[in-house]
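1. compute the structure for the input listed below.
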Amino acid sequence: MKKLKLAGAALCLIMAQPLSAQEEKQLHERNIFVFTGRMMDEDIGQSLNVLGGDYEDNYITGLGYQDFFLRARRIDIGYELGAAKRYGDDSTAEIWAGLVARVEDIHLAENLFFSPSIVIGLSHVDAIHAGREERLEEKYEGDASLVFYFSPEIDFKLSPQSRYSFFWRLHHRSGAWRTLGNMKGASNANVFGIRMRF
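-> As a prediction, the model looks like this:
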């Protein structure tokens, strides 16, 4: 328990690290992130039940890059590139790219800010993963190798100037009602990660 408290205190210190004046100007421009989580045997709506959902014995670990190039009122617009390894009952790889829209920091409580965002794009896998994705591909006689990527996210940080933040996102792949690959769905995963702005 003592080690857990020390680790938590260290994470808070890292997240509170302020940016220089030059870095602060670029705060909402570029970032890199890493995440890990578990894949779900649920549709997108049920997957939002992080604590009570039906999880598979499949996991995902990934990394990504975001670059924001447009600000409209309180919304930043940019793009995201990412890659992930999916493992457990099987071992497959995924890459994705999409547009991202992010609401600027909202003051939630003292020393706690959050920023919701959404990513919409395309996702490609080198092989279909065992579990829900494989079952849905067989059910719809589809091809889940290239489908849409849709990812709602909530990012938390200790101040608007923090260089580091912690986030949750739903990592969702879907054919969007058979628009791509004759697929109605594909896979979902709840993931948690750390982001660094630069």
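2. low-confidence regions, this protein specifically.
-> 1-28 (pLDDT under 70).
3. ranges for the helices of this protein?
-> 2-15, 21-25, 44-47, 132-140 (DSSP state H).
4. for the longest strand seen in the chain, packing partners?
-> Looking across the chain with DSSP state E, the single longest strand is strand 55-72. Applying 3 or more C-beta pairs under 8 Å, 6 or more residues apart in numbering; DSSP states H and E, one finds that strand 55-72 contacts strand 30-40, strand 75-87, strand 91-103, strand 187-197. Where C-beta positions appear, they are placed from N, C-alpha and C, glycine not excepted.
5. nearest to K157, of these?
-> Nearest to K157 among the helices and strands packed on strand 55-72 is strand 187-197; the distance by C-beta to C-beta comes to 8.5 Å.
6. neighbouring strands - and their directions - for the closest one?
-> The strands beside strand 187-197 in its sheet (DSSP bridges) come out as strand 30-40 (antiparallel), strand 164-174 (antiparallel).
7. contact partners of the longest strand of the chain?
-> Here strand 55-72 makes contact (C-beta atoms under 8 Å, 6 or more residues apart in numbering) with 28-41, 76-90, 94, 100, 102, 129-132, 171, 189, 191.
8. list the buried residues in it.
-> 55-56, 58-60, 62, 64, 66, 68 (16 or more other C-beta atoms under 10 Å).
9. hmm, S151 is touching R173, no?
-> No - counting by C-beta atoms under 8 Å, S151 sits too far from R173 to count as a contact (9.5 Å).
10. who has more neighbours, the two?
-> For S151 versus R173, neighbours defined as other C-beta atoms under 10 Å are more numerous around R173 (27 against 23).
11. the more buried one against S187, yeah?
-> Yes - assessed by C-beta under 8 Å, R173 is found in contact with S187 at 4.9 Å.
12. shared neighbours, the two?
-> Counting by C-beta under 8 Å, 6+ apart, the residues touching both R173 and S187 are 133, 144.
13. send me stretch 51-58 as CSV with only the CA atoms.
-> The C-alpha coordinates for stretch 51-58 follow below in CSV (Å, rounded to 0.1, in the frame of the first residue of the first chain):
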residue,chain,number,x,y,z
LEU,A,51,-16.7,-1.5,-14.3
GLY,A,52,-19.6,-3.8,-15.2
GLY,A,53,-19.0,-4.8,-18.8
ASP,A,54,-18.1,-8.3,-20.1
TYR,A,55,-14.4,-8.3,-20.8
GLU,A,56,-12.5,-10.8,-23.0
ASP,A,57,-9.2,-12.4,-22.2
ASN,A,58,-7.8,-10.1,-24.9
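14. next up, the contacts around the nearest residue to G98 once chain neighbours are set aside.
-> Counting by C-beta to C-beta, 6 or more residues apart in numbering, G98 lies nearest to G121, which is 1.9 Å off, once chain neighbours are set aside. Applying C-beta under 8 Å, 6+ apart, one finds that G121 lies in contact with 80, 96-99, 148-149.
15. and if we set it to 10 Å?
-> Residues in contact with G121 (C-beta atoms under 10 Å, 6 or more residues apart in numbering) are 79-82, 96-100, 148-151.
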